[in-house]
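Undergrad: Quick one: sequence and predicted model below, then my questions.
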Amino acid sequence: MKNILLVCAAGMSTSMLVRKMEQAAEEKDEEIKIKATGGGDIKKYIDDANVLLLGPQIAYKKESYTKEFGGPEGIPVDIINMVDYGTMNGKKVLDFALELINK
């Protein structure tokens, strides 16, 4: 099972995106767990994550999250495309996450 963790300022807007991503995952017939949280709760969920995606509103945290959770021994950390995030394009965000996991 692949685990995707989405993080935004409070975890609210990404919760809507999670539902769209789950629908896209069902269409792919893949076992994927997707969780959305606010920045303060990352450590509760990061141990199970295969990728960490940041909402555009916290893009400025990419460097610090990459240092803490990414790198050679960690998981991929990247920013969700602003247009995909704004339009809640779950399929594109899911594909992006899977691409990062499979690198």
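TA: Yes, it's here. Numbers count the residues shown, from 1 in each chain.

Undergrad: Quickly find the element holding residue 72.
TA: Residue 72 belongs to no helix or strand when elements are defined using DSSP states H and E.

Undergrad: ugh, wrong one, I meant residue 52
TA: Secondary structure (DSSP H and E) places residue 52 in strand 51-54.

Undergrad: Isn't residue 20 up against residue 90?
TA: Yes: if you go by C-beta atoms under 8 Å, residue 20 and residue 90 touch, sitting 2.7 Å apart. For glycine as for every other residue, the C-beta is placed from the backbone atoms N, C-alpha and C.

Undergrad: packing partners for the lengthiest helix in the chain?
TA: Using DSSP state H, we find that the single longest helix of the chain is helix 12-28. Applying 3 or more C-beta pairs under 8 Å, 6 or more residues apart in numbering; DSSP states H and E, we find helix 12-28 packed against strand 2-8, strand 32-38, helix 90-101.

Undergrad: Parallel or antiparallel, which strands does the strand holding residue 52 pair with?
TA: strand 2-8 (parallel), strand 77-79 (parallel) (DSSP bridges).
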